[in-house]
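Q: Sequence below, structure please.
(4 chains)
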Protein chains: 2
Amino acid sequence: MSSERPFADALNRLRGVELRPTRQRLALCKMLFEHGDRHLTAEVLHAEAQGAGIKVSLATVYNTLHQFTDAGLLREVIVDGGKTYFDTNTADHHHFYLEDECRLQDICGDAVAISGLPTAPDGTEVASVDVIVRVRKAQ
Amino acid sequence: MSSERPFADALNRLRGVELRPTRQRLALCKMLFEHGDRHLTAEVLHAEAQGAGIKVSLATVYNTLHQFTDAGLLREVIVDGGKTYFDTNTADHHHFYLEDECRLQDICGDAVAISGLPTAPDGTEVASVDVIVRVRKAQ
DNA sequence: GTGTTTGCAAAGTGTTTGCAATTTA
DNA sequence: TAAATTGCAAACACTTTGCAAACAC
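A: Numbers count the residues shown, from 1 in each chain, chains lettered A, B, ... in the order given. This next block holds a predicted model:
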């Protein structure tokens, strides 16, 4: 969620993770976090930036999304080969994947419990548990 | 699991789903189902076939894997952008994903229970519920 | 000024496709 | 022989990379 000072918010967010607030990063940060939780691909964010008259190259969008992910501002979600979604919600939660629309929808993590999982294979530890509920148009 | 007549098994399997038992399909079917549950990419299966002296093109491996998947002999697993794994276990189950090795390991579905999932979004129905436990080398 | 970031275009990866030649029934 | 299948090479979608020019501090 964002306050009513999107530029100041974006600036603070970047400062918080020690990324230089360049024009491109500020603009992308603003678009990403201004309107609640979002699930975007690099291409979609790039198109959105173009549409808003912001000059950013696709390569920079990719770089920025990965920097934000490394900094913990975003989370990557893999549901569909050959496409990467970036989720602005970094809290513990799961996803519906609407196959017909190639769209993600959050499932709040608090309500969901998974029981009966075996312990991680020898020598490994759990990094994350992802639940993806694939749904499609009811027949 | 397979009997001790891998060629006969492969033949029966193909007949069961009404796919012509061509030399390539027979060979791939045999490799896939002869040795218990496997998680393979097209490239790996292709390399394995080459190694065994079987002449198959990569394109045919892709086609065949998709035909087998459509026929219900295989299941696709997506865990890693830009790579598709095919799982010879079509029973309801989940996966560990060993990130360091890019390798999948089955989690039997019987033991695992997921509670608290909300109902599918309006107008949709659940196609599948995939749980992926990402693990990495314990530090 | 110095080091960081950007944009472009090229390269990379995994996958799909069109079509002539081959194989299966 | 008719229809299905194969293999090749080209095309494809998405992503990453190298490097010179532009920018932030």
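
Q: Distance of the residue nearest in space to the middle of chain A relative to DNA strand D?
A: Ranked by distance to the mean C-alpha position of chain A (Cα atoms, centre = their mean), the top residue is A:Asp87 at 1.6 Å. Taken as Cβ to the nearest atom of the strand, to the nearest Å, the spacing of A:Asp87 relative to DNA strand D amounts to 13 Å. Heads up, the C-betas are built off the backbone N, CA and C, glycines and all.

Q: what about the nearest residue to that residue once chain neighbours are set aside, neighbour count?
A: Distances taken as Cβ to Cβ, 6 or more residues apart in numbering or on different chains place A:Arg75 nearest to A:Asp87, at 4.6 Å, with adjacent residues excluded. A:Arg75 has 19 neighbours, counted by other Cβ atoms under 10 Å in any protein chain shown.

Q: One more: the one 4 residues further on?
A: Other residues within reach of A:Val79, judged by other Cβ under 10 Å, total 23.

Q: Return the residues in contact with the closest residue to it other than its chain neighbours.
A: With Cβ to Cβ, 6+ apart as the criterion, A:Val79 has its nearest non-adjacent residue at 4.6 Å, and that residue is A:Tyr97. Going by Cβ atoms under 8 Å, 6 or more residues apart in numbering or on different chains, A:Tyr97 touches A:Val79, A:Asp80, A:Arg103, A:Leu104, A:Gln105, A:Ile132, A:Val133, A:Arg134, A:Val135.

Q: which one among the residues you listed gets closest to DNA strand C?
A: A:Asp80 (11.2 Å; Cβ to the nearest atom of the strand).

Q: For the closest one, grab the count of nearby residues.
A: Other residues near A:Asp80 come to 17 when the count uses other Cβ under 10 Å.

Q: any bit of the lengthiest helix in chain A sitting next to chain B?
A: Criterion DSSP state H: the longest helix present in chain A is helix A:58-70. No - applying Cβ under 8 Å from any Cβ of the partner chain, one finds helix A:58-70 separated from chain B by no less than 12.1 Å.

Q: any idea how far that helix is from the chain center?
A: If you compare the mean C-alpha spot of helix A:58-70 with that of the full chain, they lie 11 Å apart, counting by Cα atoms, centre = their mean, to the nearest Å.

Q: contacting residues around that helix?
A: Counting by Cβ under 8 Å, 6+ apart, the neighbours of helix A:58-70 from elsewhere in the structure are A:17, A:19, A:24-25, A:28-29, A:32, A:42-43, A:45-46, A:49, A:74-76, A:86.

Q: and if we set it to 7 Å?
A: For helix A:58-70, contacts defined as Cβ atoms under 7 Å, 6 or more residues apart in numbering or on different chains pick out A:Leu19, A:Gln24, A:Arg25, A:Leu28, A:Ala42, A:Leu45, A:His46, A:Leu74, A:Arg75, A:Glu76, A:Phe86.

Q: Could you do stretch A:26-33 as well?
A: The set of residues that contact stretch A:26-33 without belonging to it, under Cβ under 7 Å, 6+ apart, is A:2, A:6-7, A:9-11, A:13-14, A:38, A:45, A:48-49, A:54, A:56, A:61, A:64, A:88.

Q: following the helix or strand of chain A with the lowest mean pLDDT, which helix or strand shows up next?
A: Comparing helices and strands within chain A by mean pLDDT, DSSP states H and E singles out helix A:6-16 as the least confident, with a mean of 91. Moving toward the C-terminus from helix A:6-16, the next helix or strand (DSSP states H and E) is helix A:23-33.

Q: Quick one: mean pLDDT over that next one.
A: Throughout helix A:23-33, pLDDT has a mean value of 97.

Q: Going by neighbour count, list what's buried in it.
A: Of the residues in helix A:23-33, A:Gln24, A:Arg25, A:Leu26, A:Ala27, A:Leu28, A:Cys29, A:Lys30, A:Met31, A:Leu32, A:Phe33 count as buried by neighbour count, 16 or more other Cβ atoms under 10 Å in any protein chain shown.

Q: Could you point out which of the residues you listed is nearest to A:Thr124?
A: Using Cβ to Cβ, the shortest approach to A:Thr124 within these belongs to A:Leu32, at 32.1 Å.

Q: Please spell out the ChimeraX selection for the buried subset of the contacts of A:Tyr97.
A: Burial among those is assessed by 16+ other Cβ under 10 Å; the matching ChimeraX selection reads:
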select /A:79,80,104,105,132,133,134,135
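
Q: The contacts of A:Tyr97 in strands, which ones?
A: For these, membership in strands holds for A:Arg103, A:Leu104, A:Gln105, A:Ile132, A:Val133, A:Arg134, A:Val135, with DSSP state E as the criterion.
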